[in-house]
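Trainee: sequence first, predicted model second:
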Amino acid sequence: VFLSEDGSLRLYNVTRSDAGSYTCIATNQFGIAKNTGSLVVKERTVITVPPSKMDVTVGESIVLPCQVSHDPSIEVVFIWSFNGDVIDLKKGVAHFERIGGEAVGDLMIRNIQLNHSGKYLCTVKTTLEILSAVADIIVRGPPGPPEDVKVEHISSTTSQLSWRPGSDNNSPIQIFTIQARTPFSVGWQAVSTEILSGKTYNATVVGLSPWVEYEFRVVAGNNIGIGEPSEPSELLRTKASVPVVVPTNINGGGGSRSELVITWESFSASEMEVSWNAIAWNRNTGRVLGYEVLYWTDDSKESTIGKIRVSGNVTTKNITRLKANTIYFVSVRAYNTAGTGPSSPPVNVTTKKSPPSQPPANIAWKLTNSKLCLNWEHVKTMENESEVLGYKILYRQNRHSKTHILETNNTSAELLVPFEEDYLIEIRTVSDGGDGSSSEQIRIPKMSSLSSRGLPVLEPSIHFVSVVIMIFYCFAIQPLTQ
């Protein structure tokens, strides 16, 4: 206790025992004056459980604690700020939610995203004081897509690529993978390169096929997972390969029998590729202008024999619109300014069986946070159809947006979908004979309008209600039987 010269009374380290009435008495030669006041002592407000630094993975849900002890007669107000901006929890901001009671101001962050990394400040206000505590949150995720993928050089069987890394999303990039796509491949396929560390931004792809159009993309990975792929590179064709066997005794028009070595590959039920070694130039035949590819079935009439011409140094050709599971005979002959030469000995090619005619059925889905789980029945093929090798899941945000494709060998898959977007999904089979029939489109509603699970997108009809009831029954009864 300290009494100052002006008559003020100062109390230090106040406790509850100091509460009560205090009277100030002043006297002089003219008399006495006094005044009485009351001192009320409240308990100090203390943050007992402050928020602490956290290191989390994208997609998790976390709770930042902010708990206090305070005088029961004083009202406490909690205010949360993110990177200096107040979080208005009354407006129902996405991802953020205040939980707890009067003395608890914990902040829950649901399905945390990369952009939620930063400083979180909990401010506690009363009529007597203001306190605060701060914590740093680091959100780590798979790397962002690499950028600026370029083909620096391409040969008949190799290609040199370069790229720039995308964001590491708070976890260092450890590996890059190169993927390629051709008109004949089933989606994107990994290609052979040297081992690519997270600090390598160029690579040589080997084992490519000559005279084939290729696109390349790059995928990065870190401790969290594999990130989104880059945008595809420019579409480029590999160069023609040097013939392994040099043909002899060639005459471009009306000469002796050509010696053409033919190879082929059936890509699907309706398509095959025919390739051959080029005929070398000699002074007797002159320069070959191109080739004719002839193809027919055993019971073909002469008028129905297929004929395709290719010009220049092209030594491969795709033949389409063929019958499934059918034996075709193929022959190639060269032509020049004098006409066509003799045909090579025919080789027989059998196209693959037709793709599965039945689409995937009994598709069920469940959406938890932003993770979509899909299940469907395995498609059984008929004897005259190609075996199912896998499935393609095609998904997009609406009917006009870009379609994304996920491939799997299983009858289930998981996807990450945005919170505030509807999605359209369909599933089709993959086989040697090509892609099979697609399932009905399924609409996945955005989270704000989602009850639990969803239904296929159907045209309005009298069957809509019965389908709704059946699917609701299947999912609603499941917890009762466990």
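Mentor: That came through fine.

Trainee: which residue is nearest the centroid of this structure?
Mentor: Nearest residue to the geometric centre of the chain (CA atoms, centre = their mean): E228, 5.2 Å.

Trainee: now that one. Nearest residue, chain neighbours left out?
Mentor: Sequence neighbours aside, P145 is the residue nearest to E228 in space, at 4.5 Å (criterion: CB to CB, 6 or more residues apart in numbering). All C-beta atoms are positioned from the backbone trio N, CA, C, and that covers glycine.

Trainee: what's the one you found sitting at in phi/psi?
Mentor: Here is the backbone geometry of P145 (degrees, to the nearest 10): phi -70, psi 140.

Trainee: what do you get for R16?
Mentor: Backbone geometry at R16, expressed as degrees, to the nearest 10, gives phi -60, psi -30.

Trainee: number of nearby residues for it?
Mentor: R16: 9 surrounding residues under other CB atoms under 10 Å.

Trainee: what sits against it?
Mentor: Neighbouring residues of R16 by CB atoms under 8 Å, 6 or more residues apart in numbering: V41.

Trainee: at 10 Å what do you get?
Mentor: Contacts for R16 (CB atoms under 10 Å, 6 or more residues apart in numbering) come out as V40, V41, K42, E43.

Trainee: N83 too?
Mentor: Applying CB under 10 Å, 6+ apart to N83 gives the contacts H116, S117, G118, K119, Y120, L121.

Trainee: so what pLDDT did it get?
Mentor: On pLDDT, N83 comes in at 95.

Trainee: tell me how far F176 lies from R164.
Mentor: According to CB to CB, to the nearest Å, F176 and R164 sit 11 Å apart.

Trainee: so what's the backbone phi/psi at the residue nearest to the centre of the chain?
Mentor: Given degrees, to the nearest 10, the pair of backbone angles that E228 has is phi -70, psi 150.

Trainee: where does the stretch 1-150 of the chain have low pLDDT?
Mentor: For the stretch 1-150 of the chain, applying pLDDT under 70 flags the ranges 92.

Trainee: do that again at 80, thanks
Mentor: Applying pLDDT under 80 to the stretch 1-150 of the chain flags residues 1, 5, 90-93, 101-102.

Trainee: ok, the residue nearest to the centre of the chain touching P143?
Mentor: Yes. If you go by CB atoms under 10 Å, E228 and P143 touch, sitting 8.4 Å apart.

Trainee: number of nearby residues for N115?
Mentor: Neighbourhood size, N115 [other CB under 10 Å]: 9.

Trainee: surely it forms part of a helix?
Mentor: Yes. Per DSSP: H, G, I helix; E, B strand; the rest coil, N115 lies within a helix segment.

Trainee: I'd guessed it sits against S167; true?
Mentor: No. Shown here, N115 and S167 do not form a contact pair, counting by CB under 10 Å, at 11.3 Å.

Trainee: find the residues that touch each one of the two.
Mentor: What both N115 and S167 touch, as defined by CB under 10 Å, 6+ apart, is an empty set.

Trainee: the strand or helix carrying L424 packs against which elements?
Mentor: Element membership for L424, per DSSP states H and E: strand 423-431. Judged by 3 or more CB pairs under 10 Å, 6 or more residues apart in numbering; DSSP states H and E, strand 423-431 is in contact with strand 371-375, strand 388-396, strand 404-408, strand 412-416, strand 434-438, strand 442-444.

Trainee: export those strands to JSON lines and append columns for mean pLDDT, mean neighbour count and distance to N313.
Mentor: Converted to JSON lines, the helices and strands packed on strand 423-431 look like this (pLDDT from 0 to 100; neighbours: other CB atoms under 10 Å; distance: least, CB to CB, whole Å):
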{"stretch": "strand 371-375", "mean pLDDT": "86", "mean neighbour count": "17", "distance to N313": "47"}
{"stretch": "strand 388-396", "mean pLDDT": "88", "mean neighbour count": "19", "distance to N313": "35"}
{"stretch": "strand 404-408", "mean pLDDT": "87", "mean neighbour count": "15", "distance to N313": "34"}
{"stretch": "strand 412-416", "mean pLDDT": "85", "mean neighbour count": "14", "distance to N313": "44"}
{"stretch": "strand 434-438", "mean pLDDT": "84", "mean neighbour count": "18", "distance to N313": "30"}
{"stretch": "strand 442-444", "mean pLDDT": "82", "mean neighbour count": "19", "distance to N313": "48"}
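
Trainee: if we can go back for a sec, and F176 and R164? Which one has more around it.
Mentor: The residue with more neighbours, out of F176 and R164, is F176; 25 against 12, by other CB under 10 Å.

Trainee: how close does the closest residue in space to that one that isn't next to it in sequence get to W163?
Mentor: Sequence neighbours aside, L196 is the residue nearest to F176 in space, at 4.1 Å (criterion: CB to CB, 6+ apart). Going from L196 to W163 by CB to CB gives 10 Å.

Trainee: shared neighbours, those two?
Mentor: F176, I178, N202, A203, V218, A220.

Trainee: switch these over to TSV; also include secondary structure.
Mentor: Formatted as TSV, the shared contacts of L196 and W163 follow (three-state DSSP):
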residue	secondary structure
F176	strand
I178	strand
N202	strand
A203	strand
V218	strand
A220	strand
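
Trainee: CSV for the residues you listed, including pLDDT and distance to K301?
Mentor: Shown next, in CSV, are those (pLDDT from 0 to 100; distance: CB to CB, whole Å):
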residue, pLDDT, distance to K301
F176, 96, 55
I178, 96, 48
N202, 95, 56
A203, 95, 52
V218, 97, 52
A220, 96, 57
